[in-house]
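Asks: Here's my sequence, what's the structure:
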Amino acid sequence: MTILVTRPSPAADELVSRLRTQGRVAWAMPLIEFTPGIDLDSLPGHLATLRPDDLVFILSQQAIHYAQPALMRAKASWPASLNYYAIGRTTALALHAASGLDVVWPHERETSEILIQLPALQQVAGKRALILRGNGGRELLAETLQARGATVQFVECYQRCAKIYQGAIEGRRWRDRQIDTLVVTSGEMLQQLYLLFPEIDREEWLLHCRLVVVSDRLATRARELGWREIRVADGADNDALLRALQQT
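Replies: Below you'll find the model as predicted:
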């Protein structure tokens, strides 16, 4: 098995290093990179206007990576009176490390679908919810909270930017290195990976690779694009991806 990890750095480099330590052959080709979001300066004010027991949702580690310095520059902190939720364990730990506060996250699977099933989020009418995320993204969490009577506001903490590659060159590179397993952690990157390479590379190589993804939704989309051998990891962090790769 020869593995290509497409998630952003530094997580991609860490996963590749851990795989190589285990004796696996692995390479990184991050498909996106991050820059600061347009709403960072307004974050302290948004947090300050929330009432006790209002809700804050952190949808990725990158949100904390950019939000925490913004709060420090403003000499502000994470209010202890709010209820904090994270999309997964690693994001929850990042917020806890930054704030010292308790953070709730879905243990079964690190997806919005599982997050909104948490008992504490069933009765949110009248509450305000602040969602810290990147540019764009899915609307399921916000729409569900609004349907349950909460008022929702987004804070763009970072932007995802596609990295530019020459598809024909990369196709030759990874075919020469006999890549047969791909790790993809978002729908955006899955689509980008599919479109990157010339059609001949897709038909002869890419779609024949094993694919490790992080949700059933991504697996469904991958099948629609033409992949057949797909494994769904039980989370989006590197520990979960390692477990999935060990079972592949």
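Asks: C-alpha from now on. contacts and neighbour counts both.
Replies: Fine.
Asks: Any idea how many residues pack against Leu4?
Replies: 24 (other Cα atoms under 10 Å).
Asks: and it, what is it in contact with?
Replies: Shown in contact with Leu4 (Cα atoms under 8 Å, 6 or more residues apart in numbering): 26-29, 179-183.
Asks: if you set the cut-off to 7 Å instead, what comes out?
Replies: Leu4 makes contact with 26-29, 179, 181-183, according to Cα atoms under 7 Å, 6 or more residues apart in numbering.
Asks: can you redo the residues you listed as TSV with neighbour count?
Replies: Shown next, in TSV, are the contacts of Leu4 (neighbours: other Cα atoms under 10 Å):
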residue	neighbour count
Ala26	21
Trp27	22
Ala28	21
Met29	17
Ile179	20
Thr181	21
Leu182	24
Val183	23
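Asks: How much space separates the nearest residue to Ala11 once chain neighbours are set aside from Val5?
Replies: Spatial nearest neighbour of Ala11, chain neighbours left out: Asn238 (7.4 Å); criterion: Cα to Cα, 6 or more residues apart in numbering. Remark: distance between Asn238 and Val5 (Cα to Cα, to the nearest Å) = 11 Å.
Asks: Quick one: name whatever helix or strand follows the lowest-mean-pLDDT helix or strand in the chain.
Replies: Least confident element among the helices and strands of the chain, by mean pLDDT, DSSP states H and E: helix 112-115 (a mean of 89). With elements assigned by DSSP states H and E, the helix or strand that comes after helix 112-115 is strand 128-134.
Asks: Pull the distance from the least confident helix or strand of the chain to the chain's centre.
Replies: 13 Å (Cα atoms, centre = their mean, to the nearest Å).
Asks: Return the list of strands paired to the helix or strand hosting Ile3, each annotated with direction.
Replies: Secondary structure from DSSP H and E places Ile3 in strand 2-5. In the sheet, strand 2-5 lines up against strand 25-28 (parallel), strand 181-183 (parallel) (DSSP bridges).
Asks: How far off centre is the first one?
Replies: Translated: strand 25-28. On the basis of Cα atoms, centre = their mean, strand 25-28 sits 20 Å off its chain's mean C-alpha point.
Asks: what's it in contact with?
Replies: Here strand 25-28 makes contact (Cα under 7 Å, 6+ apart) with 1-6, 12-13, 16, 19-20.
Asks: could you list every residue that touches Leu141?
Replies: So Leu141 contacts 112, 116 (Cα under 7 Å, 6+ apart).
Asks: let's have the chain start at 133 instead
Replies: Sure, I'll start numbering at 133, so the last one becomes Leu273.
Asks: quick one: it from Asp234, how far?
Replies: From Leu273 across to Asp234, the span is 20 Å (Cα to Cα).
Asks: wait, the residue nearest to Ala143 sits on Glu146?
Replies: No - the pair Asn370 and Glu146 fails to qualify as a contact (Cα atoms under 7 Å) at a distance of 8.0 Å.
Asks: between those two, which one's more packed in?
Replies: Between Asn370 and Glu146, counting by other Cα under 10 Å, Asn370 is the more crowded of the two (17 against 13).
Asks: Isn't Ala376 up against Gly367?
Replies: No - judged on Cα under 7 Å, Ala376 makes no contact with Gly367 at a distance of 9.3 Å.
Asks: Give me the more crowded residue out of the two.
Replies: Gly367 (24 against 19).
Asks: Chain neighbours aside, what residue packs nearest to the more buried one?
Replies: Looking at Gly367 with Cα to Cα, 6+ apart, the closest residue is Glu242, at 5.3 Å.
Asks: if we can go back for a sec, the residue nearest to Ala143 and Ser141, how far apart?
Replies: Per Cα to Cα, Asn370 is found 12 Å from Ser141.
Asks: same check, this time on Ile246
Replies: Relative to Ser141, and taking Cα to Cα, Ile246 is found at 26 Å.
Asks: Comparing those two, which shows the higher neighbour count?
Replies: Neighbour count, other Cα under 10 Å: between Ile246 and Ser141, Ser141 has more, with 17 against 14.
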